[in-house]
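# Following is a predicted model, sequence given first.
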Amino acid sequence: MSLSIDTNGPIAKTVLMPGDPLRAEFIAENFLENPICYTKSRNMLGFTGKYKGTTLSVQGSGMGMPSMGIYSWELFNELGVDSILRIGTMGAFQPELHIGDVVLSLSASTDSNYMDMFRLSGTYSPCISLLALRALAKAAEQDGISFAAGNTLSSDHLYEIDENWWKPWKHMGVLGVEMEAAALYANAAYCGKNAGALMTVSDHFITGEKASKEEREHEFRSMMKIALDAAVLLEK
């Protein structure tokens, strides 16, 4: 499918946000009808099209909480978006998880200082919004796709010097690590908007298994399907 480009094109009220802009392009090309590229700024591609008759958008967030924080803040506050569903990858900490499993982040622990911007006097726990939780759970049930759900870690560190750094998080029952959900959840809470984060296990800290680059970009369709169908539910 060829993609049209209109930098003044519309942005839907619900946006799916993978970290990788190429994954956003893949979703637009393979799931959306008549997708229009509404932004190519800094190569952070964004597209709007129809899915099951509902107008949806998909846009890359970039890597890490500062990038997610900027893009989600602007979508919520300047571009009229009501709901953002993050779809991405994560590294698993728990033995019951396997490569390709889908994980729903109910809450996002973090080692980041991102929460400092909100001037809170205690420890804030960023969590999924109720509307997003209901939509994602219902979509997964309708699609017949199972998922794990629980606490995940949003880290500022892609590489760690201490090879055992993750084990205390594992002992606290954290399912795994990614890099964006906490910033998204905090922004949504502050702005009175909806947010959910759905990840596919791409590597495993216990077994050392890793998904290939091609699998990361193209093969995590279960997560994509849940998020797209949840977005339709959020738009109803």
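That came through, no problem.
# Relative to Trp73, how far out is the residue lying closest to Glu178 once chain neighbours are set aside?
In this structure, Glu178 finds its nearest non-sequential neighbour in Met90, 4.2 Å apart by C-beta to C-beta, 6 or more residues apart in numbering. C-beta: built from backbone N, CA, C; applies to glycine. Met90 sits 23 Å away from Trp73, going by C-beta to C-beta, to the nearest Å.
# Then Ala195?
The spacing between Ala195 and Trp73, counted by C-beta to C-beta, is 12 Å.
# wait, Gly69 sits on Met115?
No - contact criterion C-beta atoms under 8 Å: Gly69 and Met115 do not qualify, at 10.6 Å.
# higher neighbour count, these two?
More crowded of Gly69 and Met115, by other C-beta atoms under 10 Å: Gly69, with 21 against 18.
# Quick check: the gap between that one and Leu75.
Gly69 sits 11 Å away from Leu75, going by C-beta to C-beta.
# what pairs with whichever strand or helix holds Pro35, and is each one parallel or antiparallel?
Assigned by DSSP states H and E, Pro35 falls within strand 33-39. Next to strand 33-39 in the sheet, as set by DSSP bridges, lie strand 4-5 (parallel), strand 46-51 (antiparallel).
# Could you list the buried residues of that strand?
Buried residues in strand 33-39, counted by 16 or more other C-beta atoms under 10 Å: Pro35, Ile36, Cys37, Tyr38, Thr39.
# Give the bridge partners for the last one, please.
So the one you mean is Thr39. Beta-bridge partners of Thr39, as defined by DSSP bridges: Gly46.
# Relative to Arg23, how far out is it?
15 Å.
# and the most centrally placed residue in the chain, what is it in contact with?
By C-alpha atoms, centre = their mean, the mean C-alpha position of the chain lies nearest to Arg86, the distance being 1.7 Å. For Arg86, the contact set (C-beta atoms under 8 Å, 6 or more residues apart in numbering) comprises Met17, Pro18, Ser61, Met68, Glu180, Ala181, Leu184, Ala195, Gly196, Ala197, Leu198, Met199.
# which stretch of helix or strand covers the residue nearest to the fifth one when sequence neighbours are not counted?
Meaning Glu180. Sequence neighbours aside, Met68 is the residue nearest to Glu180 in space, at 4.0 Å (criterion: C-beta to C-beta, 6+ apart). Here Met68 sits within helix 65-77, counting by DSSP H and E.
# mean confidence score for that helix?
Averaging pLDDT along helix 65-77 gives 97.
# where does this protein dip in pLDDT?
Residues of the chain that meet the criterion pLDDT under 70 lie in 1-7, 216-219.
# where do the strands sit along it?
4-5, 14-17, 33-39, 46-51, 54-59, 83-92, 102-110, 148-154, 176-178, 194-204 (DSSP state E).
# and the direction of the longest one versus that of helix 65-77, what angle?
On the basis of axes from the mean of the first three to the mean of the last three C-alpha atoms, to 10 degrees, strand 194-204 is oriented at 150 degrees to helix 65-77.
# Cool, thanks, talk later.
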